[in-house]
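Peer 1: requesting a structural model of the entry that follows:
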Amino acid sequence: TPGNSNSQVGVPITIAEIPENAEIGVIELGMSEPGEMTRIANVAQVNCAVMTNIGVAHIEQLGSQENILKEKLHIQDGMSEKGTLFLNGDDPLLRNVVPEGGRKKVLYGLSEGCDYRGEDLHLEEGYPVFTAVHGDEKVQLRLQVMGVHMVQNALAALAVAGEYGISMEMAAEPLCRFEGFKGRQQIVHLNGVTVIDDSYNASPVSMKAGIEVLGSLPCEGKRIAVLADMKELGPDTEKFHQEVGAFLKEHPADQVVLYGELAKEIGAGLKAAGGDIPLTEVKSLEELEQWLDDHVAFGDCLLFKGSNSMGLSKAVAYMKEKFEAAVNEAKAAGLDITYEILGIRPCSGDVDKERQARLLERAKAAVETVTGICPGVGSGSTDCNIPLSMGIPSVCVGCYSGAGAHTREEYVEEASLPLGYRVAFEMIFGGRS
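Peer 2: Alright, predicted model coming up:
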């Protein structure tokens with residue numbers, strides 16, 4: 001819902017903003033205390049409802065997962081008698097729900113017996129690829145959002161579309177273009193550093209999912225998990241944080257940075273489980289930003305995850321601002337470097353790692369300053385005229401490598417170099433030839 005307008009105040013606003021020519025409205029109904037769902041459901045009067053999981057968010061107010069389920073099922077209080085409940089069949093509490101008043105029940109998930117089921121699930125560069133099955137229909141999908149948990153969300157969307165007469169093949173096409181929302185596992189590339197911005201909110205389930213995504217990303221440098229407090233988890237809050245630490249033992253990162261008093265329990269859980277990942281605790285966002293300045297390097301991958309009130313989105317914004325400043329400095333130095341060029345990850349695979357590293361070091365240096373023009377190499381050589389950086393004291397990459405080409409286009413085409421080399425060349429010269 002735009003602006004997360006899912007409350008007793010927000011839902012009426014959302015409904016009022018639905019265009020008159022819209023055929024279907026998708027409305028988020030949120031609750032955090034007993035009785036709230038009934039009030040919102042009577043306002044929304046939905047025809048069908050999707051329930052994704054019964055976690056422990058808001059358990060502080062509701063006391064147990066069973067009470068959370070009971071409160072969520074009050075969405076039926078305002079539902080049409082011919083309505084449908086779409087339920088996650090992988091969630092043991094939801095799977096066994098019996099809708100009230102004979103309403104229809106549709107299960108989706110990866111488990112046997114689901115009406116809309118995912119099969120043959122695997123990851124390609126961190127992105128889920130799977131086959132969706134409903135009756136005789138089958139369609140393969142490659143999502144543009146990371147995490148195995150996103151497969152269940154995708155199946156929910158396919159199930160709703162199917163019940164409204166849209167084939168899985170038709171529904172899959174726009175679904176595979178979906179790239180997520182701000183603050184919810186957005187993948188951002190910042191000058192050779194990959195950031196998973198999952199800073200909007202956190203529960204034990206979503207924090208573990210974020211850690212899995214961090215582990216699935218291709219990463220040339222360090223995998224760094226920046227984790228903050230998870231709020232409103234009730235009397236077992238310390239235990240839930242410790243469980244995340246134990247989860248890290250089985251899904252290790254190279255570095256964990258903890259922000260907040262509760263987040264310290266993540267470290268305690270990691271140590272109790274026998275994990276040896278380096279831990280750093282910070283007491284403020286300013287201290288976190290300083291740590292990022294001092295320790296994040298080219299090729300690193302970072303996850304930012306915590307409750308919204310912890311403000312990790314500000315740390316992500318800080319990194320983006322530094323990226324903007326680097327781009328502006330590069331342009332001021334005369335380099336036409338684009339976001340896409342700066343954001344591309346170095347290649348992996350069977351390549352000359354030492355030579356690739358040299359080229360990428362020169363690429364980083366090129367962002368800082370231009371020191372001259374390449375004269376070309378060899379007797380009788382014509383001028384190359386490509387700008388030089390501090391990282392290349394005498395000649396450009398094309399001349400230096402002996403690729404037999406001087407312009408960017410000739411270099412990329414004739415040298416047939418792997419992606420990492422080409423990216424280095426693009427980063428240094430960014431459109432000049």
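
Peer 1: strands along this structure, start to end?
Peer 2: Here the chain has its strands, by DSSP state E, at 48-51, 84-88, 104-109, 116-124, 127-134, 137-142, 186-190, 193-198, 223-228, 255-259, 279-282, 301-305, 370-373, 387-389.

Peer 1: shaky segments in this protein?
Peer 2: 1-5, 8, 57-58, 60, 181-185, 191, 326-433 (pLDDT under 70).

Peer 1: okay, how far is it across stretch 23-41, tip to tip?
Peer 2: The first and final residues of stretch 23-41 sit 20 Å from each other (Cα to Cα, to the nearest Å).

Peer 1: for that stretch, buried residues please.
Peer 2: By 16 or more other Cβ atoms under 10 Å, the buried positions in stretch 23-41 come out as Ile27, Glu28, Leu29, Gly30, Met31, Glu36, Met37, Thr38, Ile40, Ala41. Glycine gets a C-beta too; all of them are placed from N, C-alpha and C.

Peer 1: ok, stretch 231-245 next?
Peer 2: By neighbour count with 16+ other Cβ under 10 Å, stretch 231-245 contains the buried residues Lys231, Glu232, Leu233, Thr237, Phe240, His241, Gln242, Glu243, Val244, Gly245.

Peer 1: out of the buried residues of stretch 23-41, what pair is the most spread apart?
Peer 2: Of all pairs drawn from those, the widest gap by Cβ to Cβ lies between Glu28 and Thr38 and measures 16.4 Å.

Peer 1: quick one: which of the buried residues of stretch 23-41 is nearest Ala161?
Peer 2: Nearest to Ala161 among the buried residues of stretch 23-41: Ile27, at 16.5 Å, using Cβ to Cβ.

Peer 1: run the chain-centre distance for stretch 299-306.
Peer 2: 10 Å (Cα atoms, centre = their mean, to the nearest Å).

Peer 1: about what we covered before: could you identify the most distant pair in the buried residues of stretch 231-245?
Peer 2: Maximum distance among the buried residues of stretch 231-245 (Cβ to Cβ): 19.3 Å, for Glu232 and Gly245.

Peer 1: so how many other residues sit close to Leu69?
Peer 2: By other Cβ atoms under 10 Å, the residues close to Leu69 number 17.

Peer 1: that one contacts Arg95, doesn't it?
Peer 2: No: counting by Cβ atoms under 8 Å, Leu69 does not reach Arg95; the two are 11.2 Å apart.

Peer 1: give me the neighbour count for Ser64.
Peer 2: Using other Cβ under 10 Å, Ser64 has 12 neighbouring residues.

Peer 1: hang on, I meant Val195
Peer 2: 24.

Peer 1: equivalent analysis for Gln144, please.
Peer 2: Quick note: Gln144 (other Cβ under 10 Å) scores 15 neighbours.

Peer 1: isn't it up against Glu179?
Peer 2: Yes: judged on Cβ under 8 Å, Gln144 makes contact with Glu179 at a distance of 4.9 Å.

Peer 1: rebuild the strands of the chain as TSV, extending it with distance to Tyr318.
Peer 2: Formatted as TSV, the strands of the chain follow (distance: least, Cβ to Cβ, whole Å):
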stretch	distance to Tyr318
strand 48-51	35
strand 84-88	36
strand 104-109	38
strand 116-124	30
strand 127-134	27
strand 137-142	32
strand 186-190	11
strand 193-198	11
strand 223-228	12
strand 255-259	13
strand 279-282	13
strand 301-305	11
strand 370-373	27
strand 387-389	26
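
Peer 1: Leu217: which of the ones you listed is closest?
Peer 2: Nearest to Leu217, of all the strands of the chain, is strand 301-305, at 5.1 Å by Cβ to Cβ.

Peer 1: residues contacting that closest one, please?
Peer 2: Identification of contacts with strand 301-305 by Cβ atoms under 8 Å, 6 or more residues apart in numbering yields 193-199, 202, 206-207, 210-211, 213-214, 217, 219, 221-228, 253, 296, 312-313, 315-316.

Peer 1: let's go with 7 Å and repeat that
Peer 2: 193-199, 202, 207, 210-211, 214, 217, 219, 221, 223-227, 296, 312, 315-316 (Cβ atoms under 7 Å, 6 or more residues apart in numbering).

Peer 1: repeat for stretch 12-30
Peer 2: Stretch 12-30 is touched from outside by Thr1, Ser5, Asn6, Ser7, Val11, Met37, Ile40, Ala41, Val43, Ala44, Ile75, with contacts defined as Cβ under 7 Å, 6+ apart.

Peer 1: name the member of the residues you listed with the most neighbours.
Peer 2: Ile40 (25 neighbours).

Peer 1: ok, it to Met51 distance?
Peer 2: Distance of Ile40 to Met51, given as Cβ to Cβ, to the nearest Å: 14 Å.

Peer 1: quick one, what contacts the residue nearest to Gly269 when sequence neighbours are not counted?
Peer 2: Sequence neighbours aside, Gly245 is the residue nearest to Gly269 in space, at 2.5 Å (criterion: Cβ to Cβ, 6 or more residues apart in numbering). Contacts for Gly245 (Cβ under 7 Å, 6+ apart) come out as Ile266, Gly267, Ala268, Gly269, Leu270, Ala273.

Peer 1: verify the stated contact: the fourth one with Lys249.
Peer 2: No: in this structure, Gly269 is not within contact of Lys249 by Cβ atoms under 7 Å, at 8.4 Å.

Peer 1: more crowded one of these two?
Peer 2: Taking other Cβ under 10 Å, Gly269 and Lys249 do not tie; Gly269 has more neighbours (22 against 16).

Peer 1: count the neighbours of Leu292 for me.
Peer 2: By other Cβ under 10 Å, 20 other residues sit near Leu292.

Peer 1: what does the one 5 residues further on give?
Peer 2: For Ala297, the number of neighbouring residues by other Cβ under 10 Å comes to 12.

Peer 1: of all the strands of the chain, which one is nearest Met170?
Peer 2: Smallest distance to Met170 across the strands of the chain (Cβ to Cβ): 9.4 Å, for strand 137-142.

Peer 1: hmm, back to that, distance to Glu163 added to the contacts of stretch 12-30, as CSV?
Peer 2: Listed next are the contacts of stretch 12-30 as CSV, based on distance: Cβ to Cβ, whole Å:
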residue, distance to Glu163
Thr1, 21
Ser5, 25
Asn6, 22
Ser7, 27
Val11, 22
Met37, 22
Ile40, 22
Ala41, 19
Val43, 23
Ala44, 18
Ile75, 16
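
Peer 1: now for these, which pair is the farthest apart?
Peer 2: Greatest spacing in the contacts of stretch 12-30, by Cβ to Cβ: Ser5 and Ile75 (16.6 Å).
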